[in-house]
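Visitor: Output the structure for:
(one chain, ligands or ions: 1)
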Amino acid sequence: MTAATRPSAVPVLHHPSAGETPLGTPRNIAASRHLWGHFTDQSGWAEDRLPTVVRAKGTYFWDSAGRRIFDGLSGLFTVQVGHGREELAQAAARQARTLSFFPVWGYAHEPAIDLAERLAQEAPGDLDHVFFTNSGSEAVETAIKLSRNYWALRGRPGKTKVLSRAGAYHGTTLGALALTRIASYREPFAPVAPGAVEVPTPNWYRSDPEYWDDEEAYGRHVADAVEEVILREGPDTVAALFVEPVQNSGGCFVAPPGYFRRLREIADAHDVLIVSDEVICAYGRTGGLFAAPDQGLAHPDIITSAKGLSSGYAPIGAVLVSDEVYEPFATGEHVFRHGYTFGGHPVSAAVALANLDVFEREGLVERVRTLGPAFRRTLDRLRDIPIVGDVRGSGYFYGIELTRDQATRERFTEEEADRIRAFLNPALYEDGLYVRADDRGDVVVQVAPPLVSGQAEFDIVEQALRDVFTRVQERI
Ligand SMILES: Cc1ncc(COP(=O)(O)O)c(C=O)c1O
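Guide: You can find the predicted model right below:
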């Protein structure tokens with residue numbers, strides 16, 4: 001398998017070989033025999049390439065070889081408040097003692113009610129109705145089913161297609177996977193759920209040079225291309241458009257000015273719901289507890305979220321739904337026949353509430369808004385390395401794209417890109433930094449440190465990136 005097709009969620013890493021390596025230890029042998037890693041090349045265990053993480057505190061984790069690594073990806077865009085928070089562990093223990101489990105199928109429990117109410121208060125507009133899931137994929141799956149169900153109940157059962165943007169990742173269940181526009185993730189499982197259609201995504205850095213001086217015109221152009229797809233498919237067949245406020249896959253694509261405003265106009269003109277998939281972007285990651293408003297997407301009909309809702313201390317996702325979309329289900333006439341045993345799990349909901357308490361007490365959303373520009377400035381310093389082409393993102397969520405030539409934005413050849421990717425993750429890890437070299441488009445390294453990070457942590461990230469990018473520069 002080449003680096004280009006190798007799944008990227010778990011980076012392939014060289015475990016430190018100095019002194020004792022975990023290869024041959026009982027835990028490593030057990031892992032290689034029995035633990036099926038997600039998106040993981042299983043040969044990594046035997047080849048001594050996959051670290052075992054044993055503990056974490058604040059912005060660092062330690063592996064079984066005793067190495068301390070800066071968590072520049074917040075686990076997987078998840079650990080907003082940092083690792084090892086006693087109050088979150090206490091919240092889980094307290095709830096497990098009081099009511100460890102009850103479903104929200106025909107019953108309620110206090111943590112689920114409290115969390116739903118709190119999210120509704122914080123959410124933009126009238127997104128006042130909360131459907132809990134266990135993950136981002138389930139949240140996306142829920143939004144697909146809900147948008148189809150909604151239009152059927154509005155007397156338009158033909159509106160079943162769902163649109164998503166080129167290169168986007170929306171999860172792995174067959175419905176969410178249909179929205180995931182990454183061929184190597186879809187092809188092994190074909191056919192995915194029917195009715196998903198791709199639209200273009202704004203990648204201004206890689207746009208036609210005619211747009212390099214006019215990002216707004218580019219935004220209009222890409223939004224108008226979405227309308228062309230809706231018209232081609234037939235507006236009476238399209239239920240919803242899924243967008244991330246900042247698209248992760250491909251490397252932190254921020255919407256050009258005016259782009260989301262135009263998308264909203266187009267969606268309204270053709271009765272298409274907009275689902276803001278904030279599985280990564282919400283809970284402070286890009287600035288704002290919810291990301292859509294700050295990124296110019298004023299009125300999403302549905303928000304999907306997970307990850308940072310509990311900072312990863314317990315699995316939970318939440319789908320936030322507008323009054324309008326909720327309305328057919330409000331009166332008892334119709335039931336949304338969908339759910340998960342563990343959706344809104346009391347322990348996860350209690351942990352999420354405690355997590356939001358930390359957000360509030362420590363002003364984490366404000367912190368990202370205040371310090372985000374300093375993070376950008378720190379990363380921008382890397383532009384003095386000739387292969388650093390673009391630094392883009394928002395809040396504490398950035399992608400750094402490498403290029404052959406800063407002026408012309410020339411791409412690396414496939415062979416060069418594969419070599420660079422294969423080098424980046426292990427080299428960064430050896431420098432004490434866990435981030436991610438995305439392999440789903442051009443060569444981009446993504447960074448998303450815990451929201452408790454400040455200038456000292458930004459500097460750690462910059463230093464390791466500088467060292468490794470300079471070494472890449474010397475090798476090509
Ligand atoms: C935008 C987006 N949607 C959905 C998902 C799927 O979330 P999960 O891995 O929790 O199923 C992800 C995961 O990274 C994501 O980034």
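Visitor: Show me which residues of this protein are close to the ligand?
Guide: Along the chain, the residues adjacent to the ligand under the rule Cβ under 6 Å from any ligand atom are 135-137, 140, 169-171, 244, 248, 277, 279-280, 306. C-beta: built from backbone N, CA, C; applies to glycine.
Visitor: max-length helix in this structure?
Guide: Among the elements of type helix in the chain, defined by DSSP state H, the one spanning the most residues is helix 455-475.
Visitor: who touches it?
Guide: Applying Cβ atoms under 8 Å, 6 or more residues apart in numbering, the contact partners of helix 455-475 are 59, 70, 72, 371, 374-375, 378-379, 381-382, 385-388, 400, 402, 419-420, 423-424, 427-428, 431-433, 435, 445, 447, 449.
Visitor: So for that helix, what gets flagged as buried?
Guide: Of the residues in helix 455-475, those scored as buried under the neighbour-count criterion (16 or more other Cβ atoms under 10 Å) are 457, 458, 460, 461, 462, 464, 465, 466, 468, 469, 472.
Visitor: Helices of the stretch 251-400 of the chain, residue ranges please.
Guide: According to DSSP state H, counting those that start in this stretch, the stretch 251-400 of the chain carries its helices in the segments 259-269, 323-330, 346-362, 364-380.
Visitor: Specify the stretch among those helices that is closest to residue 190.
Guide: helix 259-269 (28.7 Å; Cβ to Cβ).
Visitor: Now the closest one: buried residues?
Guide: Burial within helix 259-269, assessed by neighbour count using 16+ other Cβ under 10 Å, is assigned to 259, 260, 261, 262, 263, 264, 266, 267.
Visitor: ditto for stretch 419-437
Guide: Going by neighbour count (16+ other Cβ under 10 Å), the buried part of stretch 419-437 is 419-431, 433-437.
Visitor: what sits against the closest residue in space to residue 104 that isn't next to it in sequence?
Guide: Of all residues beyond its chain neighbours, the one nearest residue 104 is residue 344 (4.4 Å), with distances taken as Cβ to Cβ, 6 or more residues apart in numbering. Shown in contact with residue 344 (Cβ under 8 Å, 6+ apart): 103, 104, 109, 111, 112, 115, 116, 132, 316.
Visitor: Remind me which helix or strand the fifth one belongs to.
Guide: Think residue 112. In this assignment (DSSP states H and E), residue 112 forms part of helix 110-122.
Visitor: what's the average pLDDT for that helix?
Guide: When pLDDT is averaged over helix 110-122, the result is 98.
Visitor: buried stuff in that helix?
Guide: Applying a neighbour-count criterion of 16+ other Cβ under 10 Å, one finds 111, 112, 115, 116, 118, 119, 122 buried in helix 110-122.
Visitor: Tell me how far the last one lies from residue 405.
Guide: With distances defined as Cβ to Cβ, to the nearest Å, the gap from residue 122 to residue 405 amounts to 45 Å.
Visitor: Model confidence score at the residue in the chain positioned nearest to the ligand, please.
Guide: Using Cβ to the nearest ligand atom, the closest approach of the chain to the ligand is made by residue 136 at 2.2 Å. Among the per-residue scores, residue 136 shows a pLDDT of 98.
Visitor: what sits against it?
Guide: Residues touching residue 136, when contacts are defined by Cβ under 8 Å, 6+ apart, comprise 170, 171, 176, 277, 279, 304, 305, 306, 307, 317.
Visitor: The buried residues of helix 110-122 into TSV, with extra columns for distance to residue 97?
Guide: Conversion of the buried residues of helix 110-122 to TSV gives the following (distance: Cβ to Cβ, whole Å):
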residue	distance to residue 97
111	13
112	17
115	18
116	22
118	22
119	25
122	28
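Visitor: So the nearest residue to residue 169 once chain neighbours are set aside versus residue 67, what's the distance?
Guide: In space, not counting the residues next to it along the chain, residue 169 is nearest to residue 249; the distance is 4.0 Å by Cβ to Cβ, 6+ apart. Residue 249 sits at a distance of 29 Å from residue 67 (criterion: Cβ to Cβ).
Visitor: How about residue 328?
Guide: As for residue 328, its distance to residue 67 is 54 Å (criterion: Cβ to Cβ).
Visitor: One more: residue 438?
Guide: The spacing between residue 438 and residue 67, counted by Cβ to Cβ, is 23 Å.
Visitor: per-domain residue ranges of this protein.
Guide: 26-84+364-475, 86-362 (automatic domain parsing).
Visitor: what's the least confident stretch among those?
Guide: domain 26-84+364-475 (a mean of 94).
Visitor: what about that domain, how long is it end to end?
Guide: End-to-end distance for domain 26-84+364-475, by Cα to Cα, to the nearest Å: 38 Å.
Visitor: Next: stretch 98-115.
Guide: The straight-line separation of the ends of stretch 98-115 (Cα to Cα) is 17 Å.
Visitor: what residues does that stretch touch?
Guide: Residues outside stretch 98-115 that contact it (Cβ under 8 Å, 6+ apart): 95, 130, 132, 318, 339, 341-347, 349-350, 352-353.
Visitor: From these, pick the one nearest residue 209.
Guide: For these, the minimum distance to residue 209 (Cβ to Cβ) is 41.7 Å, reached by residue 318.
Visitor: I'd like to know how far that closest one sits from residue 274.
Guide: Taking Cβ to Cβ as the measure, residue 318 falls 17 Å from residue 274.
Visitor: swap in residue 376?
Guide: In this structure, residue 376 lies at 27 Å from residue 274, with Cβ to Cβ as the measure.
Visitor: between these two, who's got more neighbours?
Guide: Neighbours were tallied for residue 376 and for residue 274 using other Cβ atoms under 10 Å; the higher tally belongs to residue 274 (24 against 17).
Visitor: The more buried one against residue 239, yeah?
Guide: No: at 11.0 Å, residue 274 does not count as touching residue 239 under the criterion of Cβ atoms under 8 Å.
Visitor: count of neighbours near residue 416?
Guide: Counted with other Cβ under 10 Å, the burial measure for residue 416 works out to 16 neighbours.
Visitor: What sits closest to residue 431 if chain neighbours are left out?
Guide: Nearest non-adjacent residue to residue 431, counting by Cβ to Cβ, 6+ apart: residue 464, 4.2 Å away.
Visitor: what does residue 303 give?
Guide: For residue 303, the closest residue by Cβ to Cβ, 6+ apart turns out to be residue 320, at 4.3 Å.
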